[in-house]
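Enquirer: Sharing a sequence plus its predicted fold:
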Amino acid sequence: MSERAVPFYCPYCGDEDLRPAEAAHGAWYCAACLRTFSLKMIGIGVPEVSR
């Protein structure tokens with residue numbers, strides 16, 4: 001898996017004009033609200049439930 005997962009919209013303003021940012025791995029720049037944010041995949045599956 002070498003491809004990036006692409007966000008569909010900015011989590012702050014909801015705009016769809018996003019570009020990869022060079023700041024860090026997984027960083028994205030929103031041209032609408034001028035924010036740079038980072039996304040991180042935690043995992044896939046159902047989380048464990050403690051009793």
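Expert: On my side now, so go ahead.

Enquirer: For D15, give me its contacts.
Expert: Applying Cβ atoms under 8 Å, 6 or more residues apart in numbering, one finds that D15 lies in contact with 9, 30-33. For the C-beta atoms, the positions are set from N, CA and C on the backbone; glycine is no exception.

Enquirer: Show me the residue at the heart of this protein, geometrically.
Expert: Centroid-nearest residue in the chain: L39, 3.3 Å away (criterion: Cα atoms, centre = their mean).

Enquirer: Looking at the contacts of D15, which are in strands?
Expert: C30 (DSSP state E).

Enquirer: Now which of the contacts of D15 would you call buried?
Expert: C30 (16 or more other Cβ atoms under 10 Å).

Enquirer: Present the contacts of D15 as CSV; the columns should include distance to G45.
Expert: Output for the contacts of D15, formatted as CSV (distance: Cβ to Cβ, whole Å):
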residue, distance to G45
Y9, 25
C30, 30
A31, 34
A32, 33
C33, 32
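
Enquirer: check contacts around the closest residue in space to P20 that isn't next to it in sequence.
Expert: Distances taken as Cβ to Cβ, 6 or more residues apart in numbering place W28 nearest to P20, at 6.3 Å, with adjacent residues excluded. Residues near W28 by Cβ under 8 Å, 6+ apart: 7, 10, 18-21, 36-39.

Enquirer: Max pairwise distance over the contacts of D15: which two?
Expert: Spanning the widest gap among those are Y9 and A31, at 12.4 Å by Cβ to Cβ.
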